[in-house]
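[1] below: sequence and its predicted model.
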Amino acid sequence: MAHATLTRTTEASGPEPARRSRGRRHRGEDLTKLLFVLPAVLAMVALFGYPVVKNLLMSLQDYGLRTFFTGDAPWVGLRNYTTVVTDNLFSQAMVNTALFTVGSIAFQFVIGLGLALFFHRRFPLGGVLRSLLLLPWLLPLIVSSATWRSILEQDSGILNRTLTGIGVIDDPVPWLNSPSVALIAVIGVNIWIGIPFNVTLLYSGLAEIPAELYEAGQLDGATGWRAFWYITWPNLRAVASVLLMLGVVYTIKVLDIILGLTGGGPANATQTLATQSYERSFIDFKFGEGAALSNILIAISFVFAIFYLRSTRRAVDE
C-alpha cells in the first residue's frame, strides 16, 4: 500500500516540476537569442528606421535652407506631395523613370542570361573571362560615368570616331546633347554596368541545376531550345524572380550615372524621379519637396516588393 501511494505521489508531482524546469530553460534560451539579435535590431533601427521616419516627417514640413539656421520647419501636411505631383516635370520624370527601369532591366536580363548560358559551358579561360566581366560592376559609378561621358562625346568621343571611320554614320551623333537620344545613351550605359550582376546570379542558378535532368531530358528528346524551356527555365525561375526584383529596386533609384552623364538634361530628357528629388533638395534647397519625391520612389519600390513576396509565396504553396 505504501509503495502504491508513493507511486501515485510521484506520478502526480513529478511531471509538473519537470515542465516548469523545461519552461525556464526555454525562456532562458529565448532570452539569449534575443540578446544576440538585439544589437543587429538596434543597428537596423538606427541606420535605416530613423532616416526613413525622418524623411517622412520632412516631407510633411516646410523644410528649407532656413531651417538649418532657425530650426523652424512649419507643418504643411501633404502640400509638398501636391506641389511635386502637379509640377509639369513630374509626369515626364515618371515616364523617363519607367523607360529607364524597364529598358535597363530587360536588356540586362536577356544579355546576362545569354552570357550565363555561354559561360556555363566549360571552355579554356572561361573562368578568367567571367572574372573580367565583373569589372564594370566593381568600378565606382562616378568613374564609369566619367569614362562613358568621354566615349560618348560628340566631337572627340571614340564611339563617334569609330562609327564614322567604318562608315556606319556620316555625322557625329550627339549622344548626350540631343533630347531624342540622350535617354537611350544613358540606358545603354546602365545596361553595361548591370550585366555582370545578372550574369553572376544567373550563372549561380544554372550551376545548381542537376546535370541528371538534362541527361534524362535527352532521352525524351528535350535538347536545345526544348531543354531550356522545359528544364533550365523552370529551375531558374526562382533566381530570375529575385534578380528582377532587385533590379527594379536598384534601377528605379539610380542617380549618380545620370548625374555623371547628363545631369538630367538636355531639356530634362533624362530627368527621373531620383534626379528630380536630388535637384529639389540640393539645388533648390527645398528639402521637404525632395523628401516627398523620395518617398514616392520608396512607395513604388514597396509595391514591387509586395508583388514579389506574394508571387514567391504562391510558388511555394504550389
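    Perfect, I can see it now.
[2] how distant is the lengthiest helix in the chain from the center of its chain?
    Scanning the chain for the longest helix, with DSSP state H as the assignment, gives helix 88-120. Its chain's average C-alpha position is 12 Å from that of helix 88-120, according to Cα atoms, centre = their mean, to the nearest Å.
[3] CA atoms of the helix or strand that that helix is followed by as PDB?
    Next helix or strand after helix 88-120 toward the C-terminus (DSSP states H and E): helix 126-132. C-alpha atoms of helix 126-132 as PDB (Å, rounded to 0.1, in the frame of the first residue of the first chain):
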ATOM      1  CA  GLY A 126      36.200  30.600 -69.300                       C
ATOM      2  CA  GLY A 127      36.800  31.400 -65.600                       C
ATOM      3  CA  VAL A 128      39.200  34.200 -66.400                       C
ATOM      4  CA  LEU A 129      36.800  35.800 -68.900                       C
ATOM      5  CA  ARG A 130      33.900  35.500 -66.400                       C
ATOM      6  CA  SER A 131      36.100  37.300 -63.700                       C
ATOM      7  CA  LEU A 132      37.000  40.100 -66.100                       C
END
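[4] and the residue lying closest to Leu115 once chain neighbours are set aside, what's its pLDDT?
    In space, not counting the residues next to it along the chain, Leu115 is nearest to Val199; the distance is 4.9 Å by Cβ to Cβ, 6 or more residues apart in numbering. C-beta here means a position set from N, CA and C on the backbone, and glycine is covered the same way. If you check Val199, the pLDDT there is 91.
[5] Val199 contacts Phe119, correct?
    Yes. Val199 lies in contact with Phe119 (Cβ atoms under 8 Å); the separation is 7.1 Å.
[6] more neighbours: which of the two?
    Neighbours were counted for Val199 and for Phe119 using other Cβ atoms under 10 Å; Val199 has more, 24 against 18.
[7] residues in contact with that one?
    Gly112, Leu115, Ala116, Phe119, Arg130, Leu133 (Cβ atoms under 8 Å, 6 or more residues apart in numbering).
[8] what about 7 Å?
    With contact set as Cβ atoms under 7 Å, 6 or more residues apart in numbering, Val199 has these partners: Gly112, Leu115, Ala116, Leu133.
[9] could you report the neighbour count for the last one?
    When you say that, I think you mean Leu133. Counted with other Cβ under 10 Å, residues neighbouring Leu133 total 17.
[10] the nearest residue in space to it that is not next to it in sequence and Ile258, how far apart?
    Spatial nearest neighbour of Leu133, chain neighbours left out: Pro196 (5.2 Å); criterion: Cβ to Cβ, 6+ apart. Distance, Pro196 to Ile258, by Cβ to Cβ, to the nearest Å: 20 Å.
[11] fine by me, thanks again.
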